[in-house]
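Chemist: Build me a structure from this.
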Amino acid sequence: MIDLGNIQLTLPLNILWICLLLLGIAACLVVIFMLLKRDKDRSFGLISLSENEKSILKTNYAHFLDKEVDRKNRDLEFQFKERIIKISSLNLKLKNITSSLNKDDILRSLSDLLHNSLGVGKGYIFLLSEYSDEIIPVSTIGEKENILSLESVKLDEASFIGYCSTFGYPINYKIAIKDPQLKNLVGRGRYPCIMAVPLKYKEKVLGVICVSETIMELTDDEFSILVSVAQVAGMVINNASIYALTKEELRSTKKITQKEIESKLKLKQIFERYTSPQIVDKILKNPSIIEMGGSKRKSTVMFIDIRGFTSFCESFNPEMVVKVLNIYLERLTDIIFSNNGTVDKFIGDEIMACWGVPVFDKEHSSNAIKTAIEIIYEVEKIKTEHREKGLPELDVGVGINCGEAIFGNIGSSKRMDMTLVGDTVNIAARMESLTRQFKCHIIVSETFYKKIFSQVQAKKHTNIPVKGKKETMTIYEILGEKERELPKLKGV
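Modeler: Below is the predicted model:
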């Protein structure tokens, strides 16, 4: 009970204590406010310093900052010197690479540089061979392994190596993990690979450096240096023409001289325009199969003529004529190459192709008829495409013969060509000319038909006079494969 004058209040004891506590807090706040108002130089909760003390503190802090800056500068200077030494060492080792044209010396120096100067603990150097769809391991980095025991990698393999060799871009785990399209390449492939860098010359990929392990984690700057080193190495590899070597030569420990490389490069330049990469590879492995003086070879010869080309030339401008002709020649040549054939020559709107030369092919007749049938179907595709685009539709006639022919380097002292000549070639040309007479796609000689009769449907024509031959001949009109007929020839 509390008596306030004539009023009496009854309060619980705990409420009374709360009220007293609130009054005490209020009193404290009033005192603090008065103190702050009285002395503006003082701050609640902070140390008050005189002007002299402030001056001393500033001097000491400046001295501390100077020392810290000096320490940081010394660290940076040391790192810079270390970097200069590293880059100088890289330059010296790069000179060792660029000063050589020997395959083994180049690969050895590059492997040493990657391991000792760039911190690659384990990895592989791959090179592309122009005569296969594989990228071939030619040197190891860090750990020594038997190169011959290592397997090649398909160019379309879903891995860092496959991506790098196909598209020519460097890739590492950090790049791939952030890209939804590249993420699925992480950890995949025949070889462990945390980063892959292309060996390039201009835009042409010549090989790949695969890093499987690093001695220490490479920084972004060090990865950039690795990319730059690879660019220099790519230039050296191109200059040394290592890409002209075959798969076996790339992996061989046998010394190959620059003269041998230049000789192979010359052969490659001669034959790659006329035949498939597989045949070029065989020639480079064994150049002696090319007898420059000439020799008799068992072969199959094919002539392909584009029909209606003369009237087409008269009706369209030269640009259109060249455009359409190149479409046909390009696509038909691809089919010849895909079946191990060789384009002997282009004769205007006509192609002369052969099988069994310059490299022996026991399946030369079978490959030739397969090519002829594929060509007819490809021409149908071209005609459909041209119809949709409003371009001219042209058809083809094909003539084939097989037998012995003379193969050699034929011509004048000013210009010579590797070619086939002889009666076998002449009869093949006559077979092609007969396709107009019989209004069909493919006509073959009896000699050739006997080699491939099990593969085709055919119609026999007997007692056919052939230009240049005293006696008549039996020829065969190819109607199609065993299971399907060829489309009919139109507009002949």
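Chemist: Contact partners for Phe126?
Modeler: 135-138, 153, 161, 165, 207-210 (Cβ atoms under 8 Å, 6 or more residues apart in numbering). From N, CA and C alone the C-beta is placed, and that goes for glycine too.
Chemist: So which of those residues are in helices?
Modeler: 161, 165 (DSSP state H).
Chemist: Can you pick out the ones from the contacts of Phe126 that are in strands?
Modeler: Mapping those onto strands (DSSP state E) picks out 135-138, 153, 207-210.
Chemist: who does the host helix or strand of Leu226 touch, helix- and strand-wise?
Modeler: Taking DSSP states H and E as the criterion, Leu226 maps to helix 220-239. Judged by 3 or more Cβ pairs under 8 Å, 6 or more residues apart in numbering; DSSP states H and E, helix 220-239 is in contact with helix 51-98, helix 103-116, strand 195-201, strand 204-214.
Chemist: that older thread, could you save the ones in strands among the contacts of Phe126 as CSV and add columns showing neighbour count and distance to Ser111?
Modeler: Formatted as CSV, the ones in strands among the contacts of Phe126 follow (neighbours: other Cβ atoms under 10 Å; distance: Cβ to Cβ, whole Å):
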residue, neighbour count, distance to Ser111
Ile135, 25, 17
Ile136, 22, 15
Pro137, 26, 12
Val138, 25, 10
Val153, 23, 18
Gly207, 30, 13
Val208, 30, 14
Ile209, 30, 10
Cys210, 29, 12
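Chemist: ok but Leu420 is inside a strand, no?
Modeler: Yes - under DSSP: H, G, I helix; E, B strand; the rest coil, Leu420 sits within a strand.
Chemist: List the contacts of the closest residue in space to Leu150 that isn't next to it in sequence.
Modeler: Excluding the flanking residues, the one nearest Leu150 by Cβ to Cβ, 6 or more residues apart in numbering is Pro137, at 4.2 Å. Going by Cβ under 8 Å, 6+ apart, Pro137 touches 124-126, 147, 150-153, 191, 251.
Chemist: want to throw the contacts of Phe126 into a markdown table with pLDDT and distance to Lys296?
Modeler: Putting these into a markdown table (pLDDT from 0 to 100; distance: Cβ to Cβ, whole Å) gives the following:
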| residue | pLDDT | distance to Lys296 |
| --- | --- | --- |
| Ile135 | 88 | 39 |
| Ile136 | 88 | 36 |
| Pro137 | 90 | 42 |
| Val138 | 88 | 39 |
| Val153 | 90 | 42 |
| Ile161 | 93 | 46 |
| Ser165 | 90 | 42 |
| Gly207 | 91 | 41 |
| Val208 | 94 | 45 |
| Ile209 | 95 | 48 |
| Cys210 | 94 | 48 |
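Chemist: Tabulate the contacts of Phe126 (a markdown table), appending distance to Lys439.
Modeler: Below are the contacts of Phe126 laid out as a markdown table (distance: Cβ to Cβ, whole Å):
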| residue | distance to Lys439 |
| --- | --- |
| Ile135 | 49 |
| Ile136 | 50 |
| Pro137 | 56 |
| Val138 | 56 |
| Val153 | 51 |
| Ile161 | 53 |
| Ser165 | 49 |
| Gly207 | 53 |
| Val208 | 54 |
| Ile209 | 59 |
| Cys210 | 58 |
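Chemist: Closest to Ala230 out of the contacts of Phe126?
Modeler: Among these, Ile209 lies closest to Ala230 (Cβ to Cβ), at 5.5 Å.
Chemist: Quick check, pLDDT for the nearest residue to the closest one once chain neighbours are set aside.
Modeler: Sequence neighbours aside, Val197 is the residue nearest to Ile209 in space, at 4.6 Å (criterion: Cβ to Cβ, 6+ apart). pLDDT recorded at Val197 is 94.
Chemist: Pretty sure Val197 sits against Ile225.
Modeler: No - taking Cβ atoms under 8 Å as the definition, Val197 is not a contact partner of Ile225, at 10.5 Å.
Chemist: who has more neighbours, those two?
Modeler: Val197 (27 against 17; other Cβ atoms under 10 Å).
Chemist: who are the neighbours in contact with that one?
Modeler: The contact partners of Val197, taken as Cβ under 8 Å, 6+ apart, are 164, 170, 208-209, 211, 226-227, 230.
Chemist: quick check: angle from the helix holding Leu226 to helix 103-116?
Modeler: Angle of helix 220-239 versus helix 103-116, following axes from the mean of the first three to the mean of the last three Cα atoms, to 10 degrees, is 180 degrees.
Chemist: The protein: helices as residue ranges?
Modeler: Counting by DSSP H, the helices of the chain are 13-38, 51-98, 103-116, 160-167, 173-178, 220-239, 247-251, 258-271, 277-285, 309-315, 318-338, 364-389, 423-437, 446-452.
Chemist: Can you flag the weakest of these by average pLDDT?
Modeler: When I compare those, helix 247-251 is least confident, with a mean of 54.
Chemist: Mind splitting the chain into its structural domains?
Modeler: 98-251, 262-481 (automatic domain parsing).
Chemist: Dump the ones you listed into JSON lines; add distance to Pro487 as well.
Modeler: Shown next, in JSON lines, are the domains of the chain (distance: least, Cβ to Cβ, whole Å):
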{"stretch": "domain 98-251", "distance to Pro487": "32"}
{"stretch": "domain 262-481", "distance to Pro487": "6"}
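Chemist: Nearest to Lys488 among those domains would be which one?
Modeler: domain 262-481 (8.4 Å).
Chemist: OK, contacts around Ser139?
Modeler: 107-108, 110-111, 124-125, 147.
Chemist: how about a cut-off of 10 Å?
Modeler: Applying Cβ atoms under 10 Å, 6 or more residues apart in numbering to Ser139 gives the contacts 103-104, 106-108, 110-111, 114, 123-127, 145, 147, 150, 207, 209, 250-251.
Chemist: Pull out the buried members of those residues.
Modeler: Among these, the ones that count as buried by 16 or more other Cβ atoms under 10 Å are 103, 106-107, 110-111, 114, 123-127, 147, 150, 207, 209, 250-251.
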